[in-house]
Each structure stands twice: as C-alpha cells, then as structure tokens.
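1. Requesting a structural model of the entry that follows:
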Amino acid sequence: MTKLIRPTRRAVLAGSTAFAASLAMPSLSRAASRPVFTHGVQSGDVDTQSGMIWTRTDRPARVQVEISTTESFANARQLAPMNALPNHDLAVKRLVEGLPSDQDIFYRFTAADLSDINATSEPIIGRFRTAPTARRDVRFAWSGDTAGQGWGIDDEGMRTYATMAKHRPDFFLHSGDTIYADGPLEDEVQLDDGTMWKNTTIIDEKRKVAETLDEYRGQWKYNLMDDHVREMNAHVPTFMQWDDHEVVNNWSSSRSLMEDDRYSEKSIHVLAARASQAFHEMTPLRITPAEPGRVYRKINYGPMLDVFFLDLRSYRGPNSENMQTEMSQATDILGAEQMAWLKRELTNSAATWKVIACDMPIGLVVGGGAEAVANGDNGAAKGREQEIAGLLRFIKTAQVDNVVWFTADVHYTAAHYYNPDKAQFQDFDPFWEFVSGPLHAGTFGPNELDGTFGPELKYVKAPEEGQVNLPPSAGLQFFGLVDIDAKTQQMKVRLMDRADTELYSVTLDPKGAAI
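-> Next up, the predicted model:
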C-alpha cells in the first residue's frame, strides 16, 4: 500500500471545534462570529481523474475550494466558489475533475458569510487518493448499518469506524442502512445484564421517526457528530449506497403506514422523496444528469477493479410472497433499466475484478422471503429470484470473469460460496458473496440460506441462539477488508470485528488475468 499522508488533526477538526464552541455562545455573539463548518468534510466516488467533495456550514456562505497535491497547499488550484444555502440545508458538494491519477489530493474549504463577506471561517481540510491507471496494491473496506435499533453515539462513539480507518483503505464501501430514519433513540437503554447503555450524544431529530425533509437531514447530521466518523471521512473516501432504513423499514411501493401511529405522514412515496433528497444532499455521491436521484452507478478504480453499485429499493415491485412463477413488474428488484445497464457495464468492463456492491444478500431469506431476493422455498427460481437467475446466466454466457458480491443488511458477518453443482438453478458460474455489518447497530442472525442458487456457508459469526439486538458494546460489530495484489492480481478478503480481530480470510485467484 502507498504511504498515507495525513493532514494535521488540527486542520481537519478545526471546523468541528469551532462549531462546538459556537453552540455555547449567546445568540448575538454567535451572529457576529465567523462562519464555521458544522459536520466535517467528506469525499467519495473517487476514480482515476476525479472525486466528489462535501461540507456544510452553519449559515448561508460562499464556500471557497482549493485543491493541491501537497499538504502545504503550495501551488494550490482555486476552484469557483459554491454557495451554501438553506434550500440544501447549507450543504455543498462538487465533482473535482482533471486530477492526476494515483496521487494524494488535498482539498481545503473556507467559508465567507454571505451577509458579511469579510467574515471568513477557519479553513477545514480533507484528503483522498485518486485511483491508479497502472497496477498497484488496492485496499478497500466495506460494511453497513449505522446507528440502528436504539444504539446511538455513546462515550466510546462509533468505534468500528476508527478500527477501519487504522487499515488506511483507499476507500470505504458503505453497503446501505447508512442511517436509521425509522429508529428513534432514547437517552438510556437497560441491557440484559442490568447495566445501562447511554446515548450520550442525541438530537431532537433522533427522538422520533423521520417524516419531514429536515428530520431526514437530521439523521445524517447525527452520524456526522461522531468523532470517529468525521475523522475517517477526512481521510478515506466513502462510496455510498442505500437500502430501506434511509426511508422506513422494508419499504416498497406497497408499504403501508396506516397502522403505524408513529407516522402522521402516511404516504410512502412522500417519505421516499424526502429521504432521497436528504441522502443526496448529505453524501458525496455523484450526480447523474440523466436521473439526478439515481444511486446505481459504476466506479472504475484502476485496471484491476470496477465497482458496480446496485439499488434494490427504488425500482422493485411491491413486496409480496415472492413466489410468482412468471416474470413481470411484480417480480422486479433491479428493474429493466438498471438490469440492462448492469449487463452492459459488466460486458464492457476491462478490470480484472468486477465487484458488485449489493445492498441486500442474494441467498439469505429476509423478512420471511418477502423482503429480499430469496423466498425460502429452496426450489426453482421464483419471484425475484428469476431476475437474479437471468443475471447469473448472462454473466456466464457473456464470459464475464471474476465477479464477487459484497453486501451487509443482515447485521452479522458471513462468507457464502455459490456452487451450481448444489443449486436448483444451475446455469451460472460459481461465485462468492461476502456479508459484513453492522457498523454501529444491533446484531442479529444468522438468517436461513435458500438453496435455489446453491450457497455454501463457508463462515459465519452471529449472536448465539436466542440473542437478538445485541448492542455495539457486545463487540459483534463487523466489517470487511479487501486487498488486491498488484503483482498476482489475487483478491484477499478478510472478515473483521470491531476489536480488529481477523475472523476469516480467503484468497481468490483471478481467472484469465495476465500476470
């Protein structure tokens, strides 16, 4: 791995420190003070020549941006300023283009109060490294599920983020359930052993389910109050995707809230629209002009790696028993347009490894079979399984080699090997699926495996039978690390826990790769 050059902690945390101090000021004093950055910086969707950067101010401001290849910002390039305005909750993000490949990029934000342009903030700094155009070692981390099931920021904070950051990954792949908009927090939770979990950091938006746009925004801002999250964000790009808890549990077009007294807004479509706006405002996700709200996309991270981000939420048919024998819009989970995109991009990929970042596992039964792909009957492909069967057949027929799936969602960690010799649907090449999470949420599982695609359980770590919703303090918080070796092009996948214990490891040999 290349040596990570870190901006000084003082520079990175300047905005957070100033914001904390400003909260204690009388209102008149604060109004006369300089702008501050409220929730750190983020980068994401980095490729060989570009990357997204993000920040947020405490007031309407003109945000200046400088880019440099040195920490000193010698010969920095100044970009056109951006306006942080209330219509986007004072958050700004932009795509920085024309960058050199395989290079540390430092970015610096400075804010000027729009009402007093001479009142300027302390600068705040972040960094990322662009993807290589030649082979070099690549490392990324992945996991999912942040601040769920009542477990918020305690005295230790979201420690799994700090553990991941120690490994200095080139990027972090967040597999979804990035927030829990439907999971209110309480100040204290009594644990089974009689001790008390204390959510020492809490805001009003986290005390109820999110319904308004501002409440959805508040879910994101809450996670960014954690020191470990902000520190990692300043140094490691995050590639975001979403699942259900960004809106409400198990949402599809058929989701009814009529019997849920927590919600005064009963339209799932209204909630999903507000959630989508907040998701795009508060993350360093690229904007797709053809479909500004789109989440699925491909990121090329050099000659050895393409990452394909799927969206199993936005285009699915209504949740049902998932047992239909004929394909229709009712059995969609990717939908026709996303599926056509994925097949086209997989075929065109020249990368050694094709990583499919999926927000739900393929072979695990979720929600009794109604919620994900697997329906639990262990037979021929039915329901949504038919769409995935068609994709797997296509990958085999088109001879798309070295496809590996990464996911989270089920709140434990596992390694699955899909073996056509043991499957009911057999027209596919064998492949691996790796599951890891939660990052900072309740631990559950394990789930039942469905035999349609022949998954073999190679490893699992989950709570003991009878234990559910274990808090982060129980230690069963998981992430994964992936290393691609420049010389051999082998992919090594490790399943890790919050204490940085290596639980399982497997090295995959690339098929058809030139050494």
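2. so the residue nearest to residue 246 when sequence neighbours are not counted, which of the three states?
-> Closest residue in space to residue 246, ignoring its immediate chain neighbours: residue 275 at 5.2 Å, by Cβ to Cβ, 6 or more residues apart in numbering. (Each C-beta comes from the backbone N, C-alpha and C, glycine too.) Following DSSP: H, G, I helix; E, B strand; the rest coil, residue 275 is assigned to helix.
3. Check the gap between residue 275 and residue 92 for me.
-> Going from residue 275 to residue 92 by Cβ to Cβ, to the nearest Å gives 20 Å.
4. Would you mind telling me which of those two has the busier surroundings?
-> Legend: neighbour count by other Cβ atoms under 10 Å for residue 275 and residue 92, higher for residue 275 (25 against 22).
5. What count of nearby residues applies to residue 366?
-> Residue 366: 18 surrounding residues under other Cβ under 10 Å.
6. I'd say it and residue 375 touch.
-> No - between residue 366 and residue 375 there is no contact under Cβ atoms under 8 Å: 10.1 Å.
7. Pass me the low-pLDDT residue ranges in this protein, would you?
-> The model of the chain has pLDDT under 70 over residues 1-32, 514-515.
8. Which parts of it are helices?
-> Per DSSP state H, the chain carries helices over the ranges 9-23, 27-32, 159-166, 213-223, 227-233, 268-281, 336-348, 385-397.
9. what's the closest of these to residue 111?
-> Ranking the helices of the chain by proximity to residue 111 (Cβ to Cβ) places helix 9-23 first, at 8.9 Å.
10. How about the backbone phi and psi for residue 170?
-> Dihedral angles of residue 170 (phi, psi; degrees, to the nearest 10) stand at phi -70, psi -30.
11. Tell me how many other residues surround it.
-> By other Cβ under 10 Å, neighbour count at residue 170 equals 26.
12. Pretty sure it sits against residue 139.
-> Yes - counting by Cβ under 8 Å, residue 170 touches residue 139, with 5.7 Å between them.
13. What residues sit buried inside stretch 108-120?
-> For stretch 108-120, the neighbour count (16 or more other Cβ atoms under 10 Å) marks 108, 109, 110, 111, 112, 113, 114, 119, 120 as buried.
14. Tell me what the fourth one is bridged to.
-> Taking DSSP bridges, one finds residue 63 as the beta-bridge partners of residue 111.
15. Just confirm it contacts residue 56, I think it does.
-> No - with contacts counted by Cβ under 8 Å, residue 111 stays clear of residue 56, the gap being 9.8 Å.
16. what touches both of those two?
-> The contact sets of residue 111 and residue 56 overlap at 37, 84 (Cβ atoms under 8 Å, 6 or more residues apart in numbering).
17. Let me see the contact set for the residue nearest to residue 246.
-> By Cβ under 8 Å, 6+ apart, the residues touching residue 275 are 181, 210, 216, 246, 247.
18. hang on, the first one packs against residue 212?
-> No - using Cβ under 8 Å, residue 181 is not in contact with residue 212; the gap is 10.9 Å.
19. In contact with residue 505, which residues?
-> By Cβ under 8 Å, 6+ apart, residue 505 lies in contact with 492, 493, 494, 495.
20. Closest to residue 130 out of those residues?
-> Nearest member of those to residue 130, counting by Cβ to Cβ, is residue 492, at 22.9 Å.
21. now the closest one, which residues is it bridged with?
-> Applying DSSP bridges to residue 492 gives these bridge partners: residue 483, residue 507.
22. just checking, it touches residue 485?
-> Yes - the pair residue 492 / residue 485 is scored as a contact, 7.3 Å apart, by Cβ under 8 Å.
23. how far does stretch 410-424 sit from the chain's center?
-> For stretch 410-424, the separation from the chain centroid amounts to 22 Å (computed by Cα atoms, centre = their mean, to the nearest Å).
24. shift numbering so it begins at 10
-> Okay, using 10 as the starting number, the last item reads as stretch 419-433.
25. hmm, back to that, between the contacts of residue 284, which is nearest residue 240?
-> Of all the contacts of residue 284, residue 240 sits closest to residue 255, with 23.2 Å by Cβ to Cβ.
26. got the contact list for the closest one?
-> Residue 255 makes contact with 185, 186, 187, 188, 190, 284, 288, according to Cβ under 8 Å, 6+ apart.
27. Pick the one among the residues you listed closest to residue 416.
-> residue 185 (8.2 Å).
28. For the closest one, grab the count of nearby residues.
-> For residue 185, the neighbour count with other Cβ under 10 Å is 28.
29. any idea how far it lies from residue 485?
-> Note on residue 185: its distance to residue 485, by Cβ to Cβ, is 19 Å.
30. Also residue 283?
-> Distance, residue 283 to residue 485, using Cβ to Cβ: 32 Å.
31. next one: residue 179
-> Here residue 179 is placed at a distance of 27 Å from residue 485 (Cβ to Cβ).
32. hey, where'd the strands end up in the stretch 60-209 of the chain?
-> 60-66, 70-77, 86-93, 100-105, 113-122, 125-129, 133-138, 147-152, 180-183, 197-199, 205-207 (DSSP state E, counting those that start in this stretch).
33. Check the offset of the last one from the chain's centre.
-> For strand 205-207, the separation from the chain centroid amounts to 27 Å (computed by Cα atoms, centre = their mean).
34. Check the fifth one too.
-> How far strand 113-122 lies from its chain's middle: 24 Å, per Cα atoms, centre = their mean.
35. any idea of the angle it forms with strand 133-138?
-> Here the directions of strand 113-122 and strand 133-138 differ by 150 degrees (axes from the mean of the first three to the mean of the last three Cα atoms, to 10 degrees).
36. Show the contacting residues for the spatially most central residue of the chain.
-> Nearest to the geometric centre of the chain sits residue 183, at 2.1 Å (Cα atoms, centre = their mean). By Cβ under 8 Å, 6+ apart, the contact list for residue 183 reads 151, 152, 153, 155, 247, 248, 249, 250.
37. returning to what we had before: please tabulate the helices of the chain in TSV, including the columns distance to residue 444.
-> Putting these into TSV (distance: least, Cβ to Cβ, whole Å) gives the following:
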stretch	distance to residue 444
helix 18-32	32
helix 36-41	46
helix 168-175	15
helix 222-232	22
helix 236-242	21
helix 277-290	23
helix 345-357	20
helix 394-406	16
